[in-house]
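A.B. asks: Got a predicted model here, sequence first, then my questions.
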Amino acid sequence: MRALSRASAALVAVGIAAAGVTALTPAPALAEPGTVVISQVYGGGGNSGAPLTNDFVELFNRGPAAVALDGWSVQYGSATGTGNFGANPVVPLSGTLAPGQYHLVQLVGGANGAPLPAPDSTGAINMSGSAGKVVLARSAEGLACNGGSTPCTAEQAALIADLIGYGTANYFEGTAAPALSGTTAGLRRDHGCADTDVNGADVETAAPAPRNRATAPAPCGDVEPT
């Protein structure tokens, strides 16, 4: 997926050069592939025995430069259903994420558990507590694919900055991350820095521990895009 993103960017650059137009670099720069990742997913919010009232997705900038999230979104699909990512509520993102900084996206919840820390974004996604697919998209539009019954085209895949499929999900990086529960979240190892493009290796289960922009930054050092 990320190789396709680089290839797409190269084709755009060639087209611009051929047209004789000078490309301008935005500031802060758009994310290099692999720099902003989904660092935590939790779908048991508010359930009986849940420690927290809401589902959430946490993002993390593991790269060395600030990343503008304007025009990006968090999207969700059921583990093996036929609905596309765009059929579920799309959560728009905004703001700039500094190196080592987290971004907390609060989703739907219930009556049980303690409130999340102050969210940086909110949305109406209702995640499964055990299995599902979460994508971080470089687009505010819902993706018309689900990676399973409706495969994502090369152009759609190039818009996916990161993907975590957990439990019985039929779309994931490498292998699926472990199944979750009402008391466990999927956390990206090394406080968000691990990214081998294999969900099963990069994500482990643990008690949910949501972090937001107010959390002390935890830079990864020099990270090469993957």
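C.D. replies: Thanks, I have it. Note that this is a predicted model, so its numbers are computed, not measured.
A.B. asks: Sketch out the strands for this structure, chain order is fine.
C.D. replies: Secondary structure of the chain (DSSP state E): strands at 36-42, 54-61, 67-68, 73-78, 91-92, 96-97, 102-109, 121-122, 132-137, 160-166, 185-188, 203-206.
A.B. asks: which strands and helices sit next to the first one?
C.D. replies: Spelled out, that is strand 36-42. With contacts taken as 3 or more Cβ pairs under 8 Å, 6 or more residues apart in numbering; DSSP states H and E, strand 36-42 sits against strand 54-61, strand 132-137, strand 160-166, strand 185-188. Just so you know, the C-beta spots here come from the backbone N, C-alpha and C atoms, and that holds for glycine as well.
A.B. asks: which one of the ones you listed is the most hemmed in?
C.D. replies: Counting by mean count of other Cβ atoms under 10 Å, strand 54-61 has the highest mean neighbour count of the helices and strands packed on strand 36-42, with a mean of 28.
A.B. asks: so who does the residue nearest to Asp70 when sequence neighbours are not counted touch?
C.D. replies: In space, Asp70 comes closest to Ser94 once its chain neighbours are excluded; the distance is 5.0 Å by Cβ to Cβ, 6 or more residues apart in numbering. The contact partners of Ser94, by Cβ atoms under 8 Å, 6 or more residues apart in numbering, come to 69-70, 121.
A.B. asks: quick check, nearest of those residues to Pro99?
C.D. replies: Leu69 (13.7 Å; Cβ to Cβ).
A.B. asks: The closest one touches Pro92, doesn't it?
C.D. replies: No: at 9.2 Å, Leu69 does not count as touching Pro92 under the criterion of Cβ atoms under 8 Å.
A.B. asks: now the strands of the chain in JSON lines, with distance to Phe85 and mean pLDDT?
C.D. replies: Listed next are the strands of the chain as JSON lines, based on distance: least, Cβ to Cβ, whole Å; pLDDT from 0 to 100:
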{"stretch": "strand 36-42", "distance to Phe85": "14", "mean pLDDT": "98"}
{"stretch": "strand 54-61", "distance to Phe85": "13", "mean pLDDT": "98"}
{"stretch": "strand 67-68", "distance to Phe85": "21", "mean pLDDT": "96"}
{"stretch": "strand 73-78", "distance to Phe85": "4", "mean pLDDT": "98"}
{"stretch": "strand 91-92", "distance to Phe85": "11", "mean pLDDT": "98"}
{"stretch": "strand 96-97", "distance to Phe85": "22", "mean pLDDT": "96"}
{"stretch": "strand 102-109", "distance to Phe85": "14", "mean pLDDT": "98"}
{"stretch": "strand 121-122", "distance to Phe85": "17", "mean pLDDT": "98"}
{"stretch": "strand 132-137", "distance to Phe85": "6", "mean pLDDT": "98"}
{"stretch": "strand 160-166", "distance to Phe85": "9", "mean pLDDT": "98"}
{"stretch": "strand 185-188", "distance to Phe85": "18", "mean pLDDT": "98"}
{"stretch": "strand 203-206", "distance to Phe85": "19", "mean pLDDT": "98"}
